[in-house]
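Enquirer: take this sequence and fold it.
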Amino acid sequence: MDNKLVERILDELCLAAGIRRPRAPRETLERKLEVSQLSREHGRELVGELSCEDGEFVFRYVPGYDGRPIAEFPRKDRVYRSEALWVFFVVRMPPPGRPDVQEILKGINADDPLEMLAALGRTSVANTYELRFADEGDGGSRALSRGRGARRWPWARAMRSSGR
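Expert: Numbers count the residues shown, from 1 in each chain. This is a model prediction of the structure:
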């Protein structure tokens, strides 16, 4: 099936559910988001990277990742490109109108989807993936979830202390 057609169908389904998929900025953003999975067996395992390049979001697995692929990105040898952010990432962005989300987003550029994902992309009981800027080491979203987010979402603290 044509990729553009799939994108349009996905946009329509998301809109019907009240979800707006962010579009990639036209300019290339220098920063990349690391996508890591947290587990008791492996700790934090780097899965891939999300970036913005030439008006498209780009997701690629890191070389050597041998875990299960993310359902939306089934082939680990492929580079995925899209003008709209994939649902895998969109569902990690709660509505910005919520008071608890507004608190976290203070000082965050709301027009930068990567910055929003880094601020909101912490793990939870239902989400074992963590998103953070590659150049922030152990900072990024993890620092936010230990700070304001850990107070707002007690399960974030519980996940940290349980080693997930």
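Enquirer: low-confidence regions, this protein specifically.
Expert: 1-3, 6, 10, 14-19, 123-125, 136-164 (pLDDT under 70).
Enquirer: which non-adjacent residue is nearest Leu50?
Expert: Closest residue to Leu50 apart from its sequence neighbours, by C-beta to C-beta, 6 or more residues apart in numbering: Leu33 at 4.3 Å. Just so you know, the C-beta spots here come from the backbone N, C-alpha and C atoms, and that holds for glycine as well.
Enquirer: list the contacts of that neighbour.
Expert: Glu49, Leu50, Ser51, Leu114, Leu117, Ala118, Gly121, Leu131, Arg132, Phe133, Ala134 (C-beta atoms under 8 Å, 6 or more residues apart in numbering).
Enquirer: now swap in Leu105 and tell me
Expert: Leu105 makes contact with Pro96, Met116, Ala119, Leu120 under the criterion C-beta under 8 Å, 6+ apart.
Enquirer: also Phe73?
Expert: Gly48, Phe59, Tyr61, Tyr80, Trp86, Phe88.
Enquirer: farthest pair in those?
Expert: Tyr61 and Trp86 (13.8 Å; C-beta to C-beta).
Enquirer: ok, the two, which is more surrounded?
Expert: Tyr61 (22 against 18; other C-beta atoms under 10 Å).
Enquirer: would you check that the more buried one makes contact with Pro69?
Expert: Yes - counting by C-beta atoms under 8 Å, Tyr61 touches Pro69, with 7.4 Å between them.
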